[in-house]
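Asker: Sequence first, predicted coordinates after that:
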Amino acid sequence: MEGPVSVARSLGGRAHHNEKPPGVPVFELDDLSVEYGSFRAVDGIDLSIAANEITAFIGPSGCGKTTVLRCLNRMNDLIPSARVLGAVRYHGVDLYGPRIDPVEVRRRMGMVFQKPNPFPKSIYENVAFGPRVTGHQGDLDDLVEHSLRRAALWDEVKDKLRDSAYALSGGQQQRLCIARAIATNPDVVLMDEPCSALDPIATLRIEELMIDLKKEYTIIIVTHNMQQAARVSDRTAFFTVDVKETGDRTGRLVEFDDTGVIFTKPSQKATEDYITGRFG
Amino acid sequence: MNRAAIAAGPETVVRALTHHRRDVRGSLFTVALFACLLVGMAILATLLYTVISGSLPAWRDRSLTTFVTSQMSADPHVAGIWQAFYGSLTLMVFTALIAFPLGISAAVYLEEYAPDTRLTRLINANIRNLAGVPSIVYGLLGLAVFVKLLGGITGPEVEGRSVIAGGLTLGLLTLPIVIITTAESLRAVPNALREAAYGVGSTQWQVIRHHILPVGAPGIFTGTILSLGRAFGEAAPLLLVGGITTFFSVGDASFLEALRGRFSAMPVLVFSWSRLPQEEFRALTAALIVVMLVVLLLVNGTAIYLRNRFEKGA
């Protein structure tokens, strides 16, 4: 069995793939807080995310769910003023520990963003770019085809792989972004409101895709859409936002449980108010 | 529109929806804007008309080619602009070689790598100020440093008044503009693209090399080439670092040797000819300006062409 030591080593060096020590959660958040300058955006999050499940983060705007998601692949590093306190353990290894290389972290986690953001390149290049920079050995054409098939986009684009990705519809672009995210053979796929810019049909396709993908990947999705969380996720984390007298808005985790429990008999009043639409 | 009006039939609806209010302010504003445009165009047209009509006598006894390829001379009947034309082109190449790599690199560092500290902000503010410094001041700097101090290196046989000294001076002059325009283009690259590239596990260098620079390229090219156009038209700094306007031999020195030799440039020649007493030089000056305008047009045309090409390629 590969322990935390080998995961830590691979995050600092070359990546191996998909080690999943049984019993150890993929992510453990331990008293995680994030500050932007002097402003605390989220406070004291404890959370444990299991492998091959879809975990949904829901809650009102400004509750910090996206901020938490972006801690998981150290995307917050790109914001100069952001500071992360507490620990994010990935297979038992603290991602914010010393000598951890954020680039190696991101190589093991695909990310899909709120607005489809394909590169201004061809469809093929969009998928091939990640494997290229991560030093993929083997047939790139096969990998591109495989990734596009996994993202349920192959049949629509197989005859125009050299066309610009911008020529695709919004829903197709988002599936392309999913293909791009899984092309590097990650362990985890992080999705930040992936359907918020899509119509209901495109949304449905992405949801079907997620359920299909969770056999291979651990998926974490931030969503504003509670029906979506109820439809696709196994576990749901409900966040809320506390407004201080100073006007500062700090997000915190209210409740984290099986999706069925959260949506039928939540233990917290705040959760119930939110999901029944009395708040937010 | 009330219900009774709608019920009265389509004609009343049409009447209600037809516009019967005059947007006076809006119309005035449009007229004012158009007037501003007309004034600008009129000035440009006058300028072009004066220069072109003034140059007509010069074309009577010479063609454009003879004018460009003839040697400079004090005799207006045979005077050409070859040394100045050639000098301006070499200066441009040299300026580009200095200002583009330095300026683009500095901008990439400032925008992508430098931490946002008080020092960085101070440097940024200073670069903006440098872009506004009068060109004559760069000429003084060039005179003190490239001609006097480093004359032994830049042009030992011409007391430092060499192409290298002129090119370095123009390079310094354009450097801040190159940095600013490059930084603006880099800043215009959407953050979503950076995130996408980092998201698949790119290193910072890969993000810059494969995504930010290609997307910023059209803006960078346009900005830098236009800044070169400005350097092309500068006379003042070159007068100080020794642009000359009388006959000298470009000869058959190799390109590298020529760099350390004396030079002339078209704006310097314009300055000099326009002060000569002979009536014929009026027309020659105008003709020279026409040549400069043509070259500038070509340079700007190249900038537009490159931008379109890169935008299509992206």
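Answerer: Thanks, I have it. Numbering: from 1, shown residues only, chains lettered A, B, ... in the order given.

Asker: Which positions in chain A make contact with chain B?
Answerer: Applying C-beta under 8 Å from any C-beta of the partner chain, one finds that chain A approaches chain B through A:73, A:75, A:78, A:80, A:103-104, A:106-108, A:110-111, A:113, A:115, A:117-121, A:129-130, A:133-134, A:177, A:180-181, A:183-184. C-beta: built from backbone N, CA, C; applies to glycine.

Asker: Now that we have those, which of them are buried?
Answerer: For these, a burial check counting by 16 or more other C-beta atoms under 10 Å in any protein chain shown picks out A:73, A:75, A:103-104, A:106-108, A:110-111, A:113, A:115, A:117-121, A:129-130, A:133-134, A:177, A:180-181, A:183-184.

Asker: Tell me which of the residues you listed fall in helices.
Answerer: In this view, those that belong to helices under DSSP state H are A:103-104, A:106-107, A:129-130, A:133, A:177, A:180-181, A:183.

Asker: Now these in JSON lines, please, with extra columns for distance to A:D159 and pLDDT.
Answerer: Listed next are those as JSON lines, based on distance: C-beta to C-beta, whole Å; pLDDT from 0 to 100:
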{"residue": "A:V103", "distance to A:D159": "34", "pLDDT": "92"}
{"residue": "A:E104", "distance to A:D159": "36", "pLDDT": "92"}
{"residue": "A:R106", "distance to A:D159": "32", "pLDDT": "93"}
{"residue": "A:R107", "distance to A:D159": "31", "pLDDT": "91"}
{"residue": "A:F129", "distance to A:D159": "21", "pLDDT": "94"}
{"residue": "A:G130", "distance to A:D159": "23", "pLDDT": "93"}
{"residue": "A:V133", "distance to A:D159": "27", "pLDDT": "90"}
{"residue": "A:C177", "distance to A:D159": "20", "pLDDT": "95"}
{"residue": "A:R180", "distance to A:D159": "19", "pLDDT": "95"}
{"residue": "A:A181", "distance to A:D159": "23", "pLDDT": "94"}
{"residue": "A:A183", "distance to A:D159": "20", "pLDDT": "93"}
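
Asker: Closest to B:I81 out of those residues?
Answerer: Nearest to B:I81 among these: A:F129, at 50.9 Å, using C-beta to C-beta.

Asker: thought that closest one was touching B:V200?
Answerer: Yes: assessed by C-beta atoms under 8 Å, A:F129 is found in contact with B:V200 at 6.3 Å.

Asker: Find the residues that touch each one of the two.
Answerer: Between them, A:F129 and B:V200 share these contacting residues under C-beta atoms under 8 Å, 6 or more residues apart in numbering or on different chains: A:R180.

Asker: distance of the closest residue to A:M111 other than its chain neighbours from A:L69?
Answerer: Spatial nearest neighbour of A:M111, excluding adjacent residues (C-beta to C-beta, 6 or more residues apart in numbering or on different chains): B:G199 at 3.8 Å. From B:G199 over to A:L69 the distance is 12 Å, taken as C-beta to C-beta, to the nearest Å.

Asker: same check, this time on B:V68
Answerer: B:V68 sits at a distance of 65 Å from A:L69 (criterion: C-beta to C-beta).

Asker: So these two - more neighbours on which side?
Answerer: For B:V68 versus A:L69, neighbours defined as other C-beta atoms under 10 Å in any protein chain shown are more numerous around A:L69 (21 against 18).

Asker: Thought A:F57 was touching that one, still the case?
Answerer: Yes: between A:L69 and A:F57 there is a contact under C-beta under 8 Å: 6.4 Å.

Asker: who touches both of these two?
Answerer: The contact lists of A:L69 and A:F57 share A:220, A:222, where a contact means C-beta under 8 Å, 6+ apart.

Asker: Return the backbone torsion pair for residue 194.
Answerer: I went with chain A, as the question did not name one. When read as degrees, to the nearest 10, the backbone of A:P194 gives phi -70, psi -20.

Asker: re earlier: quick one: contacts for the residue nearest to A:M111?
Answerer: Taking C-beta under 8 Å, 6+ apart, one finds A:73, A:75, A:106, A:110-111, A:113, A:181 in contact with B:G199.

Asker: and these as a markdown table, adding distance to B:V24?
Answerer: Formatted as a markdown table, the contacts of B:G199 follow (distance: C-beta to C-beta, whole Å):
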| residue | distance to B:V24 |
| --- | --- |
| A:N73 | 57 |
| A:M75 | 52 |
| A:R106 | 58 |
| A:G110 | 58 |
| A:M111 | 53 |
| A:F113 | 47 |
| A:A181 | 56 |
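
Asker: helix or strand for A:D31, which one?
Answerer: Element membership for A:D31 (DSSP states H and E) is strand A:27-36.

Asker: which helices and strands does that strand pack with?
Answerer: Applying 3 or more C-beta pairs under 8 Å, 6 or more residues apart in numbering or on different chains; DSSP states H and E, we find strand A:27-36 packed against strand A:39-49, helix A:65-72, strand A:82-90.

Asker: which stretches of the chain have low pLDDT?
Answerer: Defaulting to chain A. The model of chain A has pLDDT under 70 over residues A:1-24, A:278-280.

Asker: wrong one, I was asking about chain B
Answerer: For chain B, the stretches flagged by pLDDT under 70 are B:1, B:245-256, B:312-314.

Asker: Can you name the residues of it that neighbour chain A?
Answerer: B:115-116, B:190, B:192-203, B:206, B:210-211, B:214-215, B:314.

Asker: ok so, going back, and the ones in helices among the buried ones among the residues of chain A next to chain B, which two are the farthest apart?
Answerer: Counting by C-beta to C-beta, the most remote pair of these is A:E104 and A:C177, 21.2 Å apart.

Asker: For burial, what's the neighbour tally of the residue nearest to A:A82 when sequence neighbours are not counted?
Answerer: Leaving out its chain neighbours, the residue that sits closest to A:A82 by C-beta to C-beta, 6+ apart is A:N76, at 4.3 Å. Neighbourhood size, A:N76 [other C-beta under 10 Å]: 22.

Asker: Who are the contact partners of A:N76?
Answerer: A:34, A:67, A:70, A:82, A:84.

Asker: Check A:F238 too.
Answerer: A:58-59, A:253-256, A:262, A:266, A:268, A:270-271, A:274-275 are the contacts of A:F238 under C-beta under 8 Å, 6+ apart.

Asker: and the helix or strand it falls within, which strands flank it?
Answerer: In this assignment (DSSP H and E), A:F238 forms part of strand A:235-243. In the sheet, strand A:235-243 lines up against strand A:54-58 (parallel), strand A:249-258 (antiparallel) (DSSP bridges).
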